[in-house]
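# have a look at this prediction, sequence included:
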Number of protein chains: 2
Amino acid sequence: MTKNNTIRWGILGAGKIARAFATDFQYLQQAELVAVASRSPEKSAQFASAFSIPETCDYAGLYNHPQLDAIYIATPHNFHFEQAAQAMRAGKAVLCEKPVTVHPGQYQQLVALAKQQQVFLMEAMWTYFIPALAEAKNWVTEGRIGELKRIQADFCFPSGPEVERLWNPALAGGSLLDIGIYPIAFANYFMHQKPQRIQASARLSSTGVDECTGIHLEYSGTSANLYSSIVSKGTNTGYLFGSNGYIKLPSFWRSTAIELYNNEDELIDCFSDGRTTRGFHFEMQHVTDCLLQGLSESPVMSFEESMRIQEIMWEVRQQIGLHFPLE
Amino acid sequence: MTKNNTIRWGILGAGKIARAFATDFQYLQQAELVAVASRSPEKSAQFASAFSIPETCDYAGLYNHPQLDAIYIATPHNFHFEQAAQAMRAGKAVLCEKPVTVHPGQYQQLVALAKQQQVFLMEAMWTYFIPALAEAKNWVTEGRIGELKRIQADFCFPSGPEVERLWNPALAGGSLLDIGIYPIAFANYFMHQKPQRIQASARLSSTGVDECTGIHLEYSGTSANLYSSIVSKGTNTGYLFGSNGYIKLPSFWRSTAIELYNNEDELIDCFSDGRTTRGFHFEMQHVTDCLLQGLSESPVMSFEESMRIQEIMWEVRQQIGLHFPLE
């Protein structure tokens, strides 16, 4: 599909996350941003103009665009399943915002479709591609904190009702799907296995979404304490506590700089990637590279990784009673 | 019972916590440290010499000491019930290390005995008397963080098997009773009510005690995420997250300095008590003052507060399957 060793991208959606994607796109190698599609032609035109994107179209036009290799889906969660399916049916590679689907059954169908169509599919879990996270994993693997005993991470911010997406059950709103997925992915990134036990507790809003959710995952020898909230701040820091020290990751889902401490709280090492970008381009470059290599599954954000996140979120939702009208 | 408006104290136990108590005793007003008792005469003599305590005796001698008004009990958890009962039966006021008893039924019996004997009884929950905690409560009450939405606190340190007390079920070991009680007390200090829901998860050691325990308490409109571990470090920081800002309390159980932030992470206010002491003397002075006023229950660390902590710990123990052979 590629032309001149360049992957041609389209963006589906023109909201905040799409803008972040388009902003970081300039840092990509062997990639070209060709078209944007949104529900409104005006919004598409504004977006295209802001980011110098040559073409605008409607959703169907994007799926069937003859020059596109890959589509980045940046719409609210409830739309992902149908849009990813349509894009793949049209033969396009798909990078879909997290959570890739609202429940594991949907994701299973998408994976089956990707395999059937022989197209690439990946959840846009950009945290997995942040250099600071890779360095933290190196430190853990090298035994610099001893045995990993506990993962702690929270992602919280206070949001008013004006952010409709967050509070509307019809848009699969709430803290868990929007930001709680990051602490879950953070634990998953270091554990790469199914937790032996999942325990969750939440407070639901008057609109019926979770305004805050606490999750405890128990692995063999390691616990993970995770939390998300849309009614208050949090530390918004990730910690990896080991038997001999710990790693601190401020804004863990997009860390630029991390620190290694011993058990006497002395700073032993630090790492900074020195970037000024948001950091989306790491995952975008990864997908571009996968496509150039002809892969149909990411070796990093694999189907298995996404499915594990889906299954944890589903179990949490059962425990906290978070249901969406679309289900 | 008092002589010259001075409360005469005895210490039962000569371990680490007793040393901290004796060290801070010098800062008390209207209090005198008269005697120490431990299992070994040599240990008592060493202790008495180190802290210039006039008398040593055995346990029975301490209970029945004619000049003592109050006994501070500083032995492992499993001994508290019997020792507190004996001291009260001998007419002595009791300040007993936390947890005051190993289960709520025992505590109920102690309270009944205190009432029957008309003697003072208080759990040595010194965190409740730290000036920085009082200031944090003022800030919350004044609405400086808006509505209190979430309490977060962990207390963790890695401990080897050489600290027998922690790993031995016969001594009511494990993280929960030893340090997990502090995060619970921290939540309780700000909430003063029974949680609507208690959820706990733990990992038990090969010796059968909890090496780490995560607790989620759900109150009306406020959650508390608490954690303790004896296998790794933690942040060892308490946070009070509100709708409009948050308070950070480093080493929350003994905070000397705390910080108030708005939701933009800007430092708005701070408080430091400037002390160089461990901070035990605040609770000791409180008990001394209560006794001088003829009270038989603390208005701060009341029977109700201790009972709530007991009940939370008991429910947590049922959920995590933490049982001691003495039960």
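Sure thing, it's come through.
# contacting residues around the residue of the stretch 1-150 of chain A found nearest chain B?
Taking CB to the nearest CB as the measure, the stretch 1-150 of chain A has A:K149 as its residue closest to chain B, at 3.8 Å. C-beta here means a position set from N, CA and C on the backbone, and glycine is covered the same way. With contacts taken as CB atoms under 8 Å, 6 or more residues apart in numbering or on different chains, A:K149 has the following neighbours: A:G221, A:T222, A:S223, A:F241, A:G242, A:S243, B:C212, B:S229, B:V231, B:S232.
# what residues are bridge-paired with the closest residue to the second one other than its chain neighbours?
This points to A:T222. The shortest distance from A:T222 to any residue that is not its chain neighbour, by CB to CB, 6 or more residues apart in numbering or on different chains, is 5.3 Å, and that residue is A:L148. In this structure, A:L148 has the following beta-bridge partners (DSSP bridges): A:G242.
# tell me, how many residues neighbour A:L148?
By the criterion of other CB atoms under 10 Å in any protein chain shown, A:L148 has 23 neighbours.
# was I right about it contacting A:S220?
No - using CB atoms under 8 Å, A:L148 and A:S220 do not qualify as a contacting pair, with a distance of 11.0 Å.
# which residues do those two both contact?
Applying CB under 8 Å, 6+ apart, one finds that no residue jointly contacts A:L148 and A:S220.
# hmm, the helix-or-strand element of chain A with minimal mean pLDDT touching chain B?
Sorting the helices and strands of chain A by mean pLDDT, DSSP states H and E puts helix A:164-167 at the bottom, at a mean of 92. No - against chain B, helix A:164-167 shows no contacts by CB under 8 Å from any CB of the partner chain, the least distance being 14.9 Å.
# contacts for the next helix-or-strand element following that helix?
Towards the C-terminus, the helix or strand next in line after helix A:164-167, according to DSSP states H and E, is helix A:175. By CB under 8 Å, 6+ apart, the residues outside helix A:175 that reach it are A:C156, A:L166, A:V209, A:D210, A:E211, A:C212, A:T213, A:S228, A:S229, A:I230.
# 7 Å instead?
For helix A:175, contacts defined as CB atoms under 7 Å, 6 or more residues apart in numbering or on different chains pick out A:D210, A:E211, A:C212, A:T213, A:S228, A:S229, A:I230.
# repeat that for stretch A:189-196.
Counting contacts by CB under 7 Å, 6+ apart, the residues touching stretch A:189-196 from outside are A:127-128, A:133, A:137, A:140, A:148, A:151, A:217-220, A:222, A:240, A:308, A:312.
# looking at these, which are in strands?
Judged by DSSP state E, the contacts of stretch A:189-196 include A:L148, A:I151, A:L217, A:E218, A:L240 as members of strands.
# skip the chain neighbours and tell me the closest residue to A:L295.
Skipping the residues right next to it in sequence, A:L295 comes nearest to A:F120 by CB to CB, 6+ apart, at 6.5 Å.
# what's the burial count for that neighbour?
A:F120 is surrounded by 21 other residues when neighbours are defined as other CB under 10 Å.
# again, but for the one 5 residues further on
Under the neighbour criterion other CB under 10 Å, A:M125 is assigned a count of 25.
# could I get the contacting residues of it?
By CB under 7 Å, 6+ apart, A:M125 lies in contact with A:K98, A:A185, A:M301.
# for the first one, give me its contacts.
Counting by CB under 7 Å, 6+ apart, A:K98 makes contact with A:E123, A:A124, A:M125, A:I181.
# repeat for the second one
For A:A185, the set of contacting residues under the criterion of CB under 7 Å, 6+ apart consists of A:M125, A:T127, A:Y128, A:I309.
# what helix or strand is it located in?
Using DSSP H and E, the element containing A:A185 is helix A:181-191.
# and the average pLDDT for that helix is what?
pLDDT averaged over helix A:181-191 equals 98, rounded to a whole number.
# burial measure for A:L113, as a count.
Taking other CB under 10 Å as the criterion, the count of residues near A:L113 is 16.
# could you look up the SS state of it?
helix (DSSP: H, G, I helix; E, B strand; the rest coil).
# mind checking how far stretch A:293-301 is from the chain centre?
For stretch A:293-301, the distance from its own C-alpha centre to the chain's C-alpha centre is 16 Å (CA atoms, centre = their mean, to the nearest Å).
# among the contacts of A:A185, name the ones in helices.
For the contacts of A:A185, the ones inside helices are A:I309, with DSSP state H as the criterion.
# any idea how far apart the tips of stretch A:261-280 sit?
Using CA to CA, to the nearest Å, the end-to-end distance of stretch A:261-280 comes to 28 Å.
# next: stretch A:88-98.
Criterion CA to CA; first-to-last residue distance in stretch A:88-98 is 17 Å.
# for stretch A:90-102, which positions count as buried?
For stretch A:90-102, the neighbour count (16 or more other CB atoms under 10 Å in any protein chain shown) marks A:A90, A:K92, A:A93, A:V94, A:L95, A:C96, A:E97, A:K98, A:P99, A:V100, A:T101, A:V102 as buried.
# err, stretch A:32-46, not the other one
By neighbour count with 16+ other CB under 10 Å, stretch A:32-46 contains the buried residues A:E32, A:L33, A:V34, A:A35, A:V36, A:A37, A:S38, A:K43, A:S44.
# so which of the residues you listed are in strands?
Restricting those to those inside strands, with DSSP E as the criterion, leaves A:E32, A:L33, A:V34, A:A35, A:V36, A:A37.
# quickly find the element holding the residue of chain A positioned farthest from its centre.
The C-alpha centroid of chain A is most remote from A:E264, which lies 34.2 Å away (CA atoms, centre = their mean). Taking DSSP H and E as the criterion, A:E264 maps to no regular element, lying outside all helices and strands.
# if I look at it, how far off is chain B?
When CB to the nearest CB, to the nearest Å is applied, the distance between A:E264 and chain B equals 9 Å.
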